[in-house]
Structures are given as structure tokens and as C-alpha cells.
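K.L.:
predicted model and sequence follow; I will ask about them next.
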Amino acid sequence: MTQTQKPVLRFAPSPTGMLHIGGARTALFNWLYARHTGGTFLLRIEDTDRERSTPQAVAAILGGMRWMGLDWDGPEVFQAARAARHREVADALLAAGRAYRCYATAEELSAMREEQKKAGKPMRYDGRWRNRDPEEAPPGAPFAVRLKADDSGETIVHDLVLGDVRFANDQLDDMVLLRSDGSPTYMLAVVVDDHDMDISHVIRGADHLNNTPRQLQIISAMGWAKPAYGHLPLINGPDGAKLSKRHGALAVEAYRDMGYLPETMRNYLLRLGWSHGDDEIIPTAQAIEWFNLESIGKSAARMDYKKLDNLNGHYIRATPDDILAAEAVAFLERENPPRILSTTARARLLSAMPSLKERAKTLVELIQGADFLYTDGVRDLDAAAQKLLPPEARGLLAAALPALAATDWSAPALEAAARTHAEAHGLKLGQVAQPLRAALTGKASSPPLFEMLALLGREESLIRLRAYAD
RNA sequence: GUUCCCAUCGUCUAGCGGUUAGGACGCGGCCCUCUCAAGGCUGAAACAGGGGUUCAAUUCCCCUUGGGAGCACCA
């Protein structure tokens, strides 16, 4: 086949659900390899299952890809639109004697499987129409087209990540190419499309490994060139079991809503199954430079949210303040009902960002910890803050107020005043600072207190502090 | 059941015959400190089991065990 010098990769999800973490990683690896080699990355929507494919799912997949920052080259290909070409190939196979018509009915086939199962035999098509004279066909009856697969020898998959995997041909049955309604099956469609799209590398989930020898047989029946295959180990949930809705089989956009950054997701997913020595923090630009197929691991991995959090914290800290502030604002505006921030609130958020981002693992956490900056007035105390403001503490707070009020209300001056006041009364700074923090922010922990006092300004700060001083 | 894949700390992993088995997350301790983080130092923590091959196996081979995936006129 016309083997272009540059690799051509593809991501081929079926639009029957969201783009989840496993699909996202498959897409990422394909994308990275294409970008690393200067090749092409195509997107093909495998919607041959008309019953289960939905436009919503297509939109969700495209949206997920965009959010992940995985851009594809050229327009996306819809597989169902190519059905005529798939049928053409099936007809060619039929004409060449490499496929045949099978008149077995669905009931007949399920009865066959029942029997095989009962007899403890492997369940596969028994080839009942393989060598039968077409003359015997019930006239006008619907038929499926099956591949006349090799029934001896073996098919070897030279897998890029797993190495050579051998399958004995006598255990591969004659799969359906065209359903009795004339529609092509996935098995036929992938092969034809990969060929027509000039795909050089098929990098997909390991759940497809067992399909590969069958696809290889179609390819050889057509006399086409084989693409290189690489099967990625699957991702399991935190408990080692299959990914489920509960833990990880979430749409990638759910990760956005949980406050993770796309860069975090790319780095995390990359490290799930691929490594470069001891390196952990691998920004995308570096990943493109380093990515290779040889370093893909063979074993399945599990999701680890703790590590995801840690990585996200890293990338949050590495993100410029103005971008982060804009993200935070966008997040708040996406709330229901949307929270629209005043100019003052935005300015505060931006000024406090260096301190805020230092202590947030997710955007959600960042926003929650900053509410005292974008809402005004006396605070409601959370449980921990209440503990910091028993009557004695309120007395201390009241006693400290005049000293603070007398300063020029800058962070250094406020801190100096608080220290002097504490020393004069034989108190530690913390004993004075904690009640102040609780009254000012409503929380027991916050960015540096004196910075926050300065940021909120004298008037707003005193309103909050006086409310808990007596 | 059957076919195929996988197997190093709890988790993600480095290792590609000879290492005090390394790193990261998480966990414990210490330092820093107005809180929480961040940061620094530090501790505990792994080669699933059994046979081979070899002067030497975490590393190569086989078996067992344990996980996982496929076995549709789904993709």
C-alpha cells in the first residue's frame, strides 16, 4: 500500500456514551505520537450501530477532546456515512470467494450457542453455510455475509506494546461482515476505513486485542497492507475492578467540573502506562518531545485520585494568576444560579491569587477557600472557626482591635501591630491571629491573615472583626 | 467454560543477569510557621508462589495462583 513516510494515527470512539478516562488516554497517546512524529491525527466516529449512537454522544466526545486540548487534523469522519464503500468491499470478498452468504437465523444461531455452552464447547459459529451449496438457500430469504476465514495455521499480531501474540486460526470463526439488512459490521468497517484513511498505526485499548487477528484476516483477504498495532492496557477503578460510573468512567468534562486542569489530565493520563525514567511532572510540550511507543507499559493501571490531586496542585501553582483568576470567575459563573462577581471582587481574587493557588488542589477548592474575598459583610463561621471564637477569644479580639485600627492598614503594619499587642499581653501571635482569622474569613485556615486584612481594606475588615468582638 | 493479555512498595512506576531494588503519590516524624498549604530533611513500605536455565536471577523459560479482556447480525 502507499506507505506515507509520516505516521497516520486515529482515535475511533463509538458515540454510544461519554468520552471517559480510558478513551481519553487512548486519544492522548495517539495524539502524542502523531505530534511527536509530525504525523497526522485523525478522528473517526464509529457510529455503525445506528440504534445506540446519538448526536449527544458525538457532541460530548468532541467537547471532551477539545477540553483535553487534543486537536485532530481534518474533519472528523463518520463511519456510517461510508456504508456503501463497506458493502463494496464485502461484495468484492464475495466475488473473490473469500466470503459467503449465511442464511442462518438469529434463533438458529442462539440455539447453536446454547448447545455449545451446554456441551462445554467454545462458542463460535460452526460454519454451517460455509461450504453449503447456495442453491440450497431458501429463496428470497435474508442472508448475512460472512468472511471465509482461514481455518488452519495461525495469525500473529506483532503488537507494538505486547510483542508477538499468536492466535490459532481454528479458533477464529467466520465473522459477519454484512448483516442481513445489508449494513456493515464494525469488524468490516474498521478495516476498510483504516485502509482507506491510510492509517499506519492502530493504537487502541487492549479490549480490541482479540479482534485483531480477525481484522488481519480481512486485510489479507483483500490483499491490503497491514497497519502496525499497539494495544494499550486498560485502566481500572481505584479498587482494581473495571471502571464504572462510580469511579472514573466519568465524562472527561466531569473532571473539569471537579476543578482539574486539562494539563493535569494530560500529564496524569500519560503517566498511567507510560514512563520516562523517574520523571513525574511532564508538561505537554515535554511529553510531545519525549513520547514513544516503546515505553508504554504492559500492565493495567488504576486511577489514583490522590495523585491526581497532587499533580493538579502543581499545575495550579504553575498557572499564571490572571489565567487562574479568569478560570475561577468562569467557574463561578457556571454555577446555578450563576454568580456574577463585582469588579472589586475580581480584583481581590486576582491580588490574592498567589496565596490562594498555593493551597488549592482543585479549582473548586480554590473557589471555596476564597469566598470571603468575593462576598462582603459579616461572616458565618464554619465549625472550625466557631471553635476559635469562644467568649475569651472574642475578648482578645476586642482588645486587639484598637491597635490594629490605629495602623495605616498595610500588611506589614498590621502584622507589627499584632505582634506588639501580643507581646505586651504575654500572648503568642497565633493566639491573637486565629480569632482574627476566624472573624475575617469565617474559617480556621486561610491565606496569610495580614495580607488578607490589607486586601479587604480597613472598612470591610473592621465590619467583620467587630461583629465577633465583645 | 474457552482464547488472549498482565503480575516490583497500598497506588503509579524505574529496572532491560551482578543495584544497599530507585523515584512519585499517600502515610509517620522533624524543620519552617499567624492557620492551612507549599517547601526542606527523614522513616516505614515491594520483586505473588514453585520449579528450571545460569557462576549469578526482580530480570530469561515453564507451571501454579491471582487479576483483566474477548468469545454478538455491539463497537
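P.N.:
In hand now; what should we look at?
K.L.:
rest of the way, CA atoms for contacts and neighbours
P.N.:
OK.
K.L.:
tell me the contacts of the closest residue to A:Glu289 other than its chain neighbours?
P.N.:
Spatially, and ignoring its direct neighbours in sequence, A:Glu289 is nearest to A:His36 (5.9 Å; CA to CA, 6 or more residues apart in numbering). Contact analysis of A:His36 by CA atoms under 8 Å, 6 or more residues apart in numbering lists A:Ile288, A:Glu289, A:Trp290, A:Phe291, A:Asn292.
K.L.:
in a markdown table: those residues, plus distance to RNA strand B, secondary structure and pLDDT.
P.N.:
Converted to a markdown table, the contacts of A:His36 look like this (distance: CA to the nearest atom of the strand, whole Å; DSSP: H, G, I helix; E, B strand; the rest coil; pLDDT from 0 to 100):
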| residue | distance to RNA strand B | secondary structure | pLDDT |
| --- | --- | --- | --- |
| A:Ile288 | 18 | helix | 98 |
| A:Glu289 | 17 | helix | 98 |
| A:Trp290 | 14 | helix | 98 |
| A:Phe291 | 13 | coil | 98 |
| A:Asn292 | 12 | coil | 97 |
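K.L.:
hang on, the earlier thing: pLDDT wise, what is the residue nearest to A:Glu289 at?
P.N.:
Predicted confidence (pLDDT) for A:His36: 98.
K.L.:
and it, which helix or strand is it part of?
P.N.:
A:His36 is part of helix A:21-37 when elements are defined by DSSP states H and E.
K.L.:
run me through the strand neighbours of the helix or strand following that helix, direction for each.
P.N.:
Toward the C-terminus, helix A:21-37 is succeeded by strand A:40-45 as the next helix or strand (DSSP H and E). Strand A:40-45 has the following sheet partners, assigned by DSSP bridges: strand A:8-11 (parallel), strand A:77-78 (parallel).
K.L.:
so is the helix holding A:His36 next to RNA strand B?
P.N.:
No. Counting by CA under 7 Å from any atom of the strand, RNA strand B has no neighbours in helix A:21-37; the shortest distance is 11.2 Å.
K.L.:
before we move on, the earlier item: which of the strands paired with strand A:40-45 sits most buried?
P.N.:
strand A:8-11 (a mean of 26; mean count of other CA atoms under 10 Å).
K.L.:
quickly check: it near RNA strand B or not.
P.N.:
No. Using CA under 7 Å from any atom of the strand, strand A:8-11 stays clear of RNA strand B, with a minimum separation of 11.2 Å.
K.L.:
what does that strand contact?
P.N.:
Contacts for strand A:8-11 (CA under 8 Å, 6+ apart): A:26-27, A:30-31, A:33-34, A:39-44, A:198-204.
K.L.:
now with 7 Å, please.
P.N.:
A:27, A:30, A:34, A:39-44, A:198-202 (CA atoms under 7 Å, 6 or more residues apart in numbering).
K.L.:
nearest to RNA strand B among those residues?
P.N.:
Closest approach between the contacts of strand A:8-11 and RNA strand B, by CA to the nearest atom of the strand: A:Arg44, at 9.6 Å.
K.L.:
any low-confidence regions in the stretch 101-250 of chain A?
P.N.:
Across the stretch 101-250 of chain A, the ranges flagged by pLDDT under 70 are A:137, A:244-249.
K.L.:
strands of the stretch 51-200 of chain A, start to end?
P.N.:
Applying DSSP state E, counting those that start in this stretch to the stretch 51-200 of chain A gives strands spanning A:77-78, A:99-102, A:144-147, A:154-159, A:163-168, A:176-178.
K.L.:
Throw these into a markdown table and include distance to A:Ala221, thanks.
P.N.:
Below are the strands of the stretch 51-200 of chain A laid out as a markdown table (distance: least, CA to CA, whole Å):
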| stretch | distance to A:Ala221 |
| --- | --- |
| strand A:77-78 | 25 |
| strand A:99-102 | 9 |
| strand A:144-147 | 9 |
| strand A:154-159 | 13 |
| strand A:163-168 | 17 |
| strand A:176-178 | 13 |
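K.L.:
any chance of JSON lines for those strands, columns distance to RNA strand B?
P.N.:
JSON lines is the format used below for those (distance: least, CA to the nearest atom of the strand, whole Å):
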{"stretch": "strand A:77-78", "distance to RNA strand B": "10"}
{"stretch": "strand A:99-102", "distance to RNA strand B": "7"}
{"stretch": "strand A:144-147", "distance to RNA strand B": "5"}
{"stretch": "strand A:154-159", "distance to RNA strand B": "9"}
{"stretch": "strand A:163-168", "distance to RNA strand B": "4"}
{"stretch": "strand A:176-178", "distance to RNA strand B": "5"}
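K.L.:
which ones are touching A:Val348?
P.N.:
Rather than Val, residue A:348 is Arg. A:Leu373, A:Leu455.
K.L.:
actually A:Thr284, sorry about that
P.N.:
Taking CA under 7 Å, 6+ apart, one finds A:Glu263, A:Arg266, A:Asn267 in contact with A:Thr284.
K.L.:
looking at these, which are in helices?
P.N.:
A:Glu263, A:Arg266, A:Asn267 (DSSP state H).
K.L.:
can you count the residues close to the nearest residue to A:Pro283 once chain neighbours are set aside?
P.N.:
Distance criterion CA to CA, 6+ apart; nearest residue to A:Pro283, sequence neighbours excluded, is A:Asn267 at 6.3 Å. The number of residues packed near A:Asn267 is 21, by other CA atoms under 10 Å.
K.L.:
state the distance from A:Asn267 to A:Phe291.
P.N.:
Relative to A:Phe291, A:Asn267 is positioned 12 Å away (CA to CA, to the nearest Å).
K.L.:
per-domain residue ranges of chain A.
P.N.:
Domain ranges of chain A: A:8-74+A:187-235, A:83-184, A:245-318, A:320-373, A:376-470, per automatic domain parsing.
K.L.:
verify the stated contact: A:Gly313 with A:Lys361.
P.N.:
Yes. Under the criterion of CA atoms under 7 Å, A:Gly313 makes contact with A:Lys361 at 4.1 Å.
K.L.:
got the contact list for A:Leu427?
P.N.:
By CA under 7 Å, 6+ apart, no residues touch A:Leu427.
K.L.:
hang on, it is in a strand, isn't it?
P.N.:
No. Membership of A:Leu427 in a strand is not supported by DSSP: H, G, I helix; E, B strand; the rest coil, which gives coil.
K.L.:
nearest residue to A:Leu209 in space, please, no chain neighbours.
P.N.:
According to CA to CA, 6+ apart, the nearest residue to A:Leu209 is A:His231 (6.5 Å).
K.L.:
the helix or strand that contains the one you found - contacts with which helices or strands?
P.N.:
Secondary structure from DSSP H and E places A:His231 in strand A:228-232. If you count contacts as 3 or more CA pairs under 7 Å, 6 or more residues apart in numbering; DSSP states H and E, strand A:228-232 packs onto strand A:154-159, strand A:201-205.
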